[in-house]
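Asks: predicted model and sequence below, questions to follow.
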Amino acid sequence: ILDQWFESEPLKATLATDAVIGAMASPHTPGSGYVLLHHVMGELEGRRGAWGYVAGGMGALSQAIARAAAAQGVHIFAEKAVCHVLLGRDGRAQGVALQDGTEVRSKLVLSNASPQITFLELTPQEQLPKDFVQRIRQVDTRSPVTKINVAVDQLPSFLAAPNARDGRPLPHHQCSIHLNCEGTHLLHQAFTEAAHGHPSSRPMIELCIPSALDPGLAPRGCHVVSLFTQYTPAMLAGGQPWDEQARNAYADTVFDCIEAYAPGFKASVIGRDILTPPDLERIFGLPSGNIFHGGMSLDQLYFARPAPSYSGYRSPIPSLYLCGSGAHPGGGVMGAAGRNAARVALEDFRRL
């Protein structure tokens with residue numbers, strides 16, 4: 001698709017990053033064009049395909065949703081892990097049991113956890129059709145993503161666009177900066193290395209500096225840099241673990257790459273937080289670290305998400321609904337799956 005519309009290889013490669021973002025796939029992988037469409041088909045404040053930063057960081061969005069819900073009388077149990085879904089004698093979902101023994105009763109249960117956690121960990125297996133369980137187990141959750149959060153004591157200065165003398169952020173500091181994306185062959189090479197179990201030697205890097213737009217995120221003169229990188233396999237070759245040595249070795253590779261574009265970057269780093277695919281799964285419950293709860297390939301979209309015959313948010317368990325990224329239309333900070341699931345749940349609620 002990109003070859004039909006563009007001639008510039010750097011431009012094609014930069015656009016191709018959105019075709020593989022979060023996907024264990026190459027720009028040459030059939031179906032990757034949909035992932036590109038998925039990332040540009042929305043709009044922000046009337047601007048089609050635009051993205052935006054959340055003032056105060058992504059956590060501020062969660063807090064805004066929580067405040068809106070609380071204003072309507074919602075009770076929020078923070079830091080209370082769910083143990084399992086409660087089922088009645090008729091097989092309907094009747095609430096959830098927390099790990100501390102508390103039972104929260106309800107007529108409906110909506111889960112925005114991944115399909116794997118919802119149906120393979122929280123729901124009694126004997127209550128689910130065997131073919132459904134098998135389908136959930138077979139969902140491709142491979143993830144290439146390692147997220148690195150960095151604190152720096154000065155704004156990165158790029159060779160292609162050096163910083164101003166006063167040190168104030170320039171327009172490019174307020175955008176997504178793509179590195180190691182001069183050609184689609186580089187993205188394919190990075191993918192190939194990870195497909196063989198090795199972290200990319202020249203990883204794809206999407207660099208954002210949220211504090212360039214939201215100064216309150218960092219002390220005066222300092223900044224936070226968000227690095228969304230790939231490709232890193234969840235399972236390393238030879239069964240090697242993602243231990244501290246492996247994490248730091250990969251992060252050093254990423255920083256060496258950035259240093260080539262922005263000399264002085266490594267010296268400016270005062271802290272870093274490295275989240276490999278296993279870390280993303282352990283901390284956030286993302287299966288294999290997949291930010292979409294499952295690959296956005298054509299065989300796992302629309303009527304097949306999360307499984308054939310169950311794309312309408314209702315699950316095999318009556319009154320249990322899936323409303324997260326593992327449901328149609330998939331991942332992204334857009335709320336579409338949640339909104340659609342809520343409408344279906346409300347429709348059923350009126351019949352109870």
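Replies: Ah, there it is.
Asks: could you pull up the residues touching the residue nearest in space to the middle of the chain?
Replies: Centroid-nearest residue in the chain, with CA atoms, centre = their mean: I291, separated by 2.7 Å. If you count contacts by CB atoms under 8 Å, 6 or more residues apart in numbering, I291 has them with 22, 143, 145, 280, 325, 331. Glycine gets a C-beta too; all of them are placed from N, C-alpha and C.
Asks: mind checking the SS state of it?
Replies: Secondary structure, DSSP: H, G, I helix; E, B strand; the rest coil: I291 is coil.
Asks: also I117?
Replies: I117 ends up helix, using three-state DSSP.
Asks: surely it and G285 touch.
Replies: Yes. Between I117 and G285 there is a contact under CB atoms under 8 Å: 5.8 Å.
Asks: of the two, which one has the most company?
Replies: Using other CB atoms under 10 Å, the more surrounded residue of I117 and G285 is I117, with 18 against 15.
Asks: what distance do you get for that one to P203?
Replies: 28 Å (CB to CB, to the nearest Å).
Asks: and if you look at W242?
Replies: To P203, W242 is 15 Å away according to CB to CB.
Asks: name the residue in those two with the higher neighbour count.
Replies: Per other CB under 10 Å, whichever of W242 and P203 has more neighbours is P203, with 24 against 21.
Asks: need phi/psi at the nearest residue to the more buried one once chain neighbours are set aside.
Replies: Nearest non-adjacent residue to P203, counting by CB to CB, 6 or more residues apart in numbering: T229, 4.9 Å away. In terms of degrees, to the nearest 10, the main-chain angles of T229 are phi -120, psi 150.
Asks: which residues does T229 form a beta bridge with?
Replies: T146, I205 (DSSP bridges).
Asks: that one contacts R202, correct?
Replies: No. Using CB under 8 Å, T229 is not in contact with R202; the gap is 10.8 Å.
Asks: out of the two, name the residue with the larger neighbour count.
Replies: T229 (26 against 16).
Asks: in the stretch 1-150 of the chain, mark out all the strands, start to finish.
Replies: 43-44, 47-48, 82-87, 93-98, 103-105, 109-111, 146-152 (DSSP state E, counting those that start in this stretch).
Asks: now the ones you listed as CSV including distance to R351, mean neighbour count and mean pLDDT?
Replies: Output for those, formatted as CSV (distance: least, CB to CB, whole Å; neighbours: other CB atoms under 10 Å; pLDDT from 0 to 100):
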stretch, distance to R351, mean neighbour count, mean pLDDT
strand 43-44, 35, 10, 82
strand 47-48, 38, 10, 84
strand 82-87, 19, 18, 96
strand 93-98, 15, 18, 96
strand 103-105, 19, 12, 95
strand 109-111, 16, 22, 97
strand 146-152, 43, 21, 97
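Asks: same list (those strands) but as CSV, adding distance to E193.
Replies: Conversion of these to CSV gives the following (distance: least, CB to CB, whole Å):
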stretch, distance to E193
strand 43-44, 34
strand 47-48, 35
strand 82-87, 38
strand 93-98, 42
strand 103-105, 46
strand 109-111, 36
strand 146-152, 13
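Asks: P318: which of those is closest?
Replies: strand 93-98 (6.9 Å; CB to CB).
Asks: measure L217 to L275 for me?
Replies: Relative to L275, and taking CB to CB, L217 is found at 18 Å.
Asks: can you check T17 too?
Replies: T17 sits 19 Å away from L275, going by CB to CB.
Asks: neighbour count winner among the two?
Replies: T17 (23 against 18).
Asks: ok now stretch 297-309, how far from the chain's centre?
Replies: 18 Å (CA atoms, centre = their mean, to the nearest Å).
Asks: cool, and stretch 229-240?
Replies: In this view, stretch 229-240 has its centroid 17 Å away from the chain centroid, taken as CA atoms, centre = their mean.
Asks: first-to-last residue distance for that stretch?
Replies: Across stretch 229-240, the terminal residues are separated by 20 Å (CA to CA, to the nearest Å).
Asks: can you give me the buried ones in that stretch?
Replies: 229-234, 236 (16 or more other CB atoms under 10 Å).
Asks: go on, stretch 307-317?
Replies: Buried residues in stretch 307-317 (16+ other CB under 10 Å): 307, 310-311, 313-317.
Asks: of the residues you listed, closest to Q72?
Replies: Nearest to Q72 among the buried residues of stretch 307-317, with distances taken as CB to CB, is Y313, at 20.9 Å.
Asks: show me the contacts for that closest one.
Replies: 321-323, 327-328, 337, 340-341, 344-345.
Asks: would you mind listing which of those residues are buried?
Replies: So, by 16+ other CB under 10 Å, the buried ones in these are 321-323, 327-328, 337, 340-341, 345.
Asks: of those residues, which belong to strands?
Replies: 321-322 (DSSP state E).
Asks: out of the buried ones among the contacts of Y313, who's nearest E7?
Replies: Using CB to CB, those come closest to E7 at H328, 35.7 Å.
Asks: that closest one contacts R339, correct?
Replies: No. Assessed by CB under 8 Å, H328 is found out of contact with R339, at 11.5 Å.
Asks: quick one: the residue nearest to A60 when sequence neighbours are not counted from I65, how far?
Replies: Nearest non-adjacent residue to A60, counting by CB to CB, 6+ apart: V54, 5.3 Å away. With the distance defined as CB to CB, V54 ends up 11 Å from I65.
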